[in-house]
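**Q** sequence first, then the predicted structure, then my questions.
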Amino acid sequence: MDKGAYDVATSSTVIDTNDTIAKRWRRATEEPAWIRVTLITISLIFVALFLLLPLSVVLYGAFEQGISVWYDAIRDPDAMSAIRLTLLIVAIVVPLNTLFGVAAAWAIAKFEFRGKPILISLIDMPFAISPVVVGLIFVILFGSQGWLGPWLSAHDLRIIFAVPGIVIVIAFGTLPFIARELIPLMQQQGKEEEEASLTLGANGWQTFWHVTLPNIKWGLIYGVILCNARAMGEFGAVAVVSGRIRGETNTMPLHIEVLYNEYMFTAAFAVSSLLTGLALVTIAIKSVVEWQEERQQRLAAA
């Protein structure tokens, strides 16, 4: 055999060996096709039963008697009051938790201090406590027979069975979302860029606005979206502290329950469809934010 033929045969053998190794590697690391199909089918069935079917029921019940009935249910004074109160609470709670989340994440990720594990545990506390228990805690604290109740009554201040109590419990329940989204992100980014900015003469605010904030903006937006969704849908704690006063302290979830218990099903489904629409908008914005973040990561990697 001449040298050229020998080289061709050797190359063919090496290629065949590499193909065999690649096939064995794929068989060892990839699941069989029937497992993939089974898992995908189970996932789709689960989504259809627990997401699409309830959503379809809500939309069908809301528009079953026509768009005019749906509009009249939304324009009801009690429904409009619940919508306004829900949006007002979101407008108060989300900025407050944004400020707290950014400050807490910056302190935890950028500095070392005593009590850091305690602060992290306190931030995670709303995840571990039932919303009903949260409402009961604030009733015991601010109620007329509570620890601070007599002092509040003496100064003609109302927290429980009023809007301030609702704001407090929702702010407590949504406390971790922004901070918990930013802490790992800022820890991963480190503090080299901030230190370089300070070395070049920038002050703290300039460093935050021009270095830190651009690096965390997508995580911050993602956390705000989650906080907003939870604030709109909070039920348990609000039901305890609101008193369920129609036209005054009923948020949209509470108003839906009142309508359903009074057998006003069409009106209940109408308000539910509006709340569902707000949730779908939130999900759509969340998906856009995730897509933008992945796109920026790909561009940075390229």
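**A** Now that the structure is in, tell me what you want to look at.
**Q** could you say which helix or strand holds the residue nearest the centre of the chain?
**A** Central residue of the chain (Cα atoms, centre = their mean): Leu226, 1.9 Å from the mean position. Counting by DSSP states H and E, the element that carries Leu226 is helix 213-233.
**Q** relative to the whole chain's centre, how far out is the helix or strand just after that helix?
**A** Using DSSP H and E, the helix or strand that follows helix 213-233 in sequence is helix 236-241. Its chain's C-alpha centre and that of helix 236-241 lie 20 Å apart, by Cα atoms, centre = their mean, to the nearest Å.
**Q** what residues of helix 236-241 count as buried?
**A** Neighbour counts over helix 236-241 (16 or more other Cβ atoms under 10 Å) mark Gly236, Ala237, Val238, Ala239, Val240, Val241 as buried. All C-beta atoms are positioned from the backbone trio N, CA, C, and that covers glycine.
**Q** would you turn the residues you listed into CSV with distance to Ala62?
**A** Formatted as CSV, these follow (distance: Cβ to Cβ, whole Å):
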residue, distance to Ala62
Gly236, 24
Ala237, 26
Val238, 22
Ala239, 23
Val240, 28
Val241, 29
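**Q** in those, which has the lowest confidence score?
**A** Scanning those for pLDDT, the low point is Gly236. It has 90.
**Q** that one - nearest residue in space that isn't next to it in sequence?
**A** Excluding the flanking residues, the one nearest Gly236 by Cβ to Cβ, 6 or more residues apart in numbering is Pro131, at 3.2 Å.
**Q** check the one you found and give its pLDDT.
**A** With respect to pLDDT, Pro131 scores 92.
**Q** surely it touches Glu234?
**A** Yes: contact criterion Cβ atoms under 8 Å: Pro131 and Glu234 qualify, at 6.8 Å.
**Q** joint contacts of those two?
**A** Shared contacts of Pro131 and Glu234, defined by Cβ atoms under 8 Å, 6 or more residues apart in numbering, comprise Val169, Gly173.
**Q** between these two, which is the more surrounded one?
**A** Glu234 (25 against 19; other Cβ atoms under 10 Å).
**Q** run through who's touching stretch 109-123.
**A** For stretch 109-123, the external contacting residues (Cβ under 8 Å, 6+ apart) are 104, 107-108, 175-176, 179-180, 182-183, 186-187, 191, 194.
**Q** show me what contacts the residue nearest to the centre of the chain?
**A** So Leu226 contacts Phe177, Ile178, Glu181, Lys286 (Cβ under 8 Å, 6+ apart).
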